[in-house]
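J.: only geometry, no sequence info:
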């Protein structure tokens, strides 16, 4: 269990922490303990709800000066809140009665006498079977075994070398390490008893060459103790360590030995199918046609996890081989985790990782059960939801966003969630949860009454003594909607709807009076009764993203606790005037398909705003644009400057006020779309230098006539640069190449580049991504000399065939030592079909000679019998089949 009420629990926080430990231990198996903990949890929820109502109805509000007006104001307030005060008094009395009952139950269950750390029955280590797996039963192990064995024997240097195997629980780390040990290194070796003291081990190993496997290390602290037992004796000894935690894997290896971290990959589709079929039908048989479709669905849920495949195939081995039976197992995997002995081992392995998490991380992980299978969860959205739910405590020196970010990466570090879309600076933009881990956390969420998932026939309602606390609606029909309408929804804290087909069946919004989170993201064509929005006093997060709504509910201006408002990809025409009264809003997203949205007058009052996305400057008043300069906490700004060329003179004051505001702000990210020459002239002298700027983007139809003056090597924080530039010159490349931290550069041009551009010297020392993209035939020809782009991994480049022919089509790919992917677009104007093919052949040859064997993609190669506009696309490189 985790303390899943909120992060601001006061005196309840230590109690819930103790309950977490209690449930994790053996005594958590006792029915009385679980019932009592459930009562305490519900009591904590209701106590917090009572406090929140008290603060809302009876808070003092703003301070006023004394006198008759203040006397009458206080008197009127007391009369207005008389009913609310009586109601809260009754609630407090009820809470007192429940507290006494909980105390009496604790005494009757004799919980103080339970020894939580003892058990009358020995528990077998769920990882033990991996050490004694028969080699004939292993599938897909040959490749990883060979890869790891090569790492072990690689470079016969005398110093001790440690190799780490890191990956998700159940991937086969122990099996792989054990296989390498027995296949390659058991000759003339002795096995040491783990109970030997560190001193004795050091003495025994001091003059020996040894290979040791250390399985499942859970912390850096544990490794720091273990490594003391192994002397550095210059005999080329080896240690193989397995762990689920990337940080631990890194700590085991020497600094700079990152290539000795072996990241376990799931089984391929072919190996998964072979393992599954072998265990049910035997190695000689194959799966009947009638079962292939459901087999594919089951394997998808297993996600290449050997432990899951073995467990579920074991569950099916003794069942009738009919489609209906297999379908039933596929649907019930989540509930079977708690009931089936065949799946007990898998549940225990996955639970090891879950139980090792601290309480706050458990809460954040359970929250991921809000999202259906295979759902890609954007990192930014997830962090905002965690904060709104109250899961993120304040930590000294860190903002709540920074703490949430730390939790997110901890879950990735511990292999609990899978990263998706990693940018060149290492930032993970999104994540997903492995299907088996999702089944586990849904199971735990139901058991802890953390979340109720409404998803067709798999819906499990809460017990009669518990209220619904969080609601995730993924699929709902008339029958489920009828059942939901009968529930008491007053205590629901978050409502997340992930399918637009669900909306019409939902109970009306006025049933959900305690909501902190209301998330309709992705529900296109949203049609829902928003009456009662003005009564959602506790709401902190509201998202209509990708819903297409055209009008905001009028009650939105009453949401004074709102912190995030997401209106991206809607058809909103304008924001209500009263929106500026929501002074707690920290993130405001606005993008409409149908109209450019203007900045609301009075936005300067919203001083907590840290992010604004995506107002149009030219449709706003000059005063509203000027108010942007008052937003002292603003760090991320996305704006549009949409103007027709003949109307540019009308918006000179807008440009002046925008640049004036930018000079007052301390931005980390600025993205601009559109613009004109006057705006650029003003922005060209941005002062003081935006020293904190990490990202700058200028897109749209306007192309800058030259590189802005303020882009200089003194911008030591700038990581991402994307702009429309009429022409790239050799001097531009020199200046850009001196930016010390630049990781990603994208340049779009609209002027025909005459001649070849050489990238020389020690330029672009940190750059990992370079995208040079000419429009309107503005092609060019760049050549890389030795020493430039030493860390470049991804390249997107045009090639003017007729121009490149003069230089033998040479690009200089071999001078890019870290290159992994390259995309080339051939521009064939003025070139023949044979010249186009010669250019493509030259590029492929350069790629084939590169030691990394990078993945090359060519677009625009002319066919032999074709014309200039007939193109095709070809790939080469080691990743082509993937």
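T.: Perfect, I can see it now. Quantities reported herein were computed from a predicted structural model and do not represent experimental measurements.

J.: would you list every one of the strands in the stretch 351-500 of the chain?
T.: 377-378, 418-422, 428-432, 452-455, 470-475, 494-497 (DSSP state E, counting those that start in this stretch).

J.: what's the closest of the ones you listed to residue 620?
T.: strand 377-378 (27.9 Å; CB to CB). The way it works is simple: take the backbone N, C-alpha and C, and place the C-beta from them, glycine included.

J.: ok, and what's touching the closest one?
T.: The contact list for strand 377-378 (CB atoms under 8 Å, 6 or more residues apart in numbering) reads 368, 371, 429, 430, 431, 432, 433.

J.: Now the buried members of these.
T.: 368, 371, 430, 431, 432, 433 (16 or more other CB atoms under 10 Å).

J.: Now render these as TSV, adding distance to residue 719.
T.: TSV is the format used below for those (distance: CB to CB, whole Å):
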residue	distance to residue 719
368	28
371	29
430	19
431	21
432	25
433	29
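
J.: just curious, which of these is nearest to residue 806?
T.: residue 430 (44.9 Å).

J.: That closest one contacts residue 375, correct?
T.: No - contact criterion CB atoms under 8 Å: residue 430 and residue 375 do not qualify, at 9.8 Å.

J.: Could you measure from the closest residue to residue 251 other than its chain neighbours over to residue 603?
T.: Spatial nearest neighbour of residue 251, chain neighbours left out: residue 220 (4.5 Å); criterion: CB to CB, 6 or more residues apart in numbering. Distance, residue 220 to residue 603, using CB to CB, to the nearest Å: 46 Å.

J.: Low-confidence regions, the stretch 401-550 of the chain specifically.
T.: Within the stretch 401-550 of the chain, the stretches with pLDDT under 70 are 457-458, 462-465.

J.: Let's see that with 80 instead.
T.: Where the stretch 401-550 of the chain drops to pLDDT under 80, the residues are 456-466, 500-505.

J.: show me what contacts the nearest residue to residue 605 once chain neighbours are set aside?
T.: Nearest residue to residue 605, sequence neighbours excluded (CB to CB, 6+ apart): residue 580, at 5.3 Å. Residue 580 sits next to 600, 601, 602, 603, 605, 606 when contact means CB under 8 Å, 6+ apart.

J.: farthest pair in those residues?
T.: Longest span within the contacts of residue 580, CB to CB: 601 and 606, 11.7 Å.

J.: Show me which of these two is the more surrounded one.
T.: residue 606 (23 against 13; other CB atoms under 10 Å).

J.: Determine the three-state secondary structure at the residue nearest to residue 605.
T.: Assigned with DSSP: H, G, I helix; E, B strand; the rest coil, residue 580 falls in the helix class.

J.: What of residue 214?
T.: strand.

J.: separation between it and residue 149?
T.: Distance from residue 214 to residue 149, by CB to CB: 18 Å.

J.: now residue 639
T.: Taking CB to CB as the measure, residue 639 falls 56 Å from residue 149.

J.: Mind checking which of the two has more residues around it?
T.: residue 639 (24 against 16).

J.: in terms of contact, does residue 631 touch residue 602 like I think?
T.: No - using CB under 8 Å, residue 631 is not in contact with residue 602; the gap is 12.0 Å.

J.: how many neighbours does residue 248 have?
T.: 23.

J.: sec struct for it, please.
T.: Residue 248 ends up helix, using three-state DSSP.

J.: Now it: closest residue in space, sequence neighbours ignored.
T.: Nearest to residue 248 is residue 217, by CB to CB, 6+ apart, at 5.3 Å.

J.: Isn't the one you found up against residue 223?
T.: Yes - the criterion here is CB under 8 Å, and residue 217 meets it with residue 223 at 5.3 Å.

J.: Residues that sit against both of the two, list them.
T.: By CB under 8 Å, 6+ apart, the residues touching both residue 217 and residue 223 are 241, 248, 252.

J.: Nearest to residue 283, out of these: which one, please.
T.: residue 241 (33.1 Å).

J.: Give me the mean pLDDT for the helix or strand where residue 721 lies.
T.: Per DSSP states H and E, residue 721 falls inside strand 720-724. On average, the pLDDT along strand 720-724 is 95.

J.: Could you do stretch 592-611 as well?
T.: 94.

J.: got the buried residues for that stretch?
T.: In stretch 592-611, counting by 16+ other CB under 10 Å, buried: 592, 596-600, 603-604, 606, 608-611.

J.: How about stretch 269-278?
T.: Buried, per 16+ other CB under 10 Å, within stretch 269-278: 271, 272, 273, 274, 275, 276, 277, 278.

J.: Find the helix or strand that the closest residue to residue 862 other than its chain neighbours is a member of.
T.: Leaving aside its sequence neighbours, residue 862 sits nearest to residue 836 (CB to CB, 6+ apart; 3.9 Å). In this structure, residue 836 sits in helix 833-849 according to DSSP H and E.

J.: What are the buried residues along that helix?
T.: Result for helix 833-849 [16+ other CB under 10 Å]: buried residues 833, 835, 836, 837, 838, 839, 840, 842, 843, 844, 846, 847.

J.: Quick one, grab the pLDDT at residue 185.
T.: In this model, residue 185 carries a pLDDT of 51.

J.: Nearest approach to residue 696 belongs to which of the strands of the stretch 351-500 of the chain?
T.: strand 428-432 (18.8 Å).

J.: what's the angle between that closest one and strand 418-422?
T.: Using axes from the mean of the first three to the mean of the last three CA atoms, to 10 degrees, the direction of strand 428-432 lies 150 degrees away from that of strand 418-422.

J.: Could you check how far strand 428-432 is from the centre of its chain?
T.: 3 Å (CA atoms, centre = their mean, to the nearest Å).

J.: That one pairs with which strands, parallel or anti?
T.: Using DSSP bridges, strand 428-432 pairs in its sheet with strand 377-378 (antiparallel), strand 418-422 (antiparallel).

J.: Quickly compare those and say which is most buried.
T.: Across these, averaging neighbours per residue (mean count of other CB atoms under 10 Å) puts strand 377-378 on top, at a mean of 16.

J.: ok, back up a step: got a markdown table for the buried residues of stretch 269-278, with distance to residue 575 and pLDDT too?
T.: Putting the buried residues of stretch 269-278 into a markdown table (distance: CB to CB, whole Å; pLDDT from 0 to 100) gives the following:
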| residue | distance to residue 575 | pLDDT |
| --- | --- | --- |
| 271 | 54 | 86 |
| 272 | 51 | 84 |
| 273 | 54 | 84 |
| 274 | 58 | 85 |
| 275 | 56 | 84 |
| 276 | 54 | 82 |
| 277 | 58 | 83 |
| 278 | 61 | 82 |
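
J.: Name the nearest of these relative to residue 549.
T.: Within these, the smallest distance to residue 549 is 42.4 Å, found for residue 272 (CB to CB).
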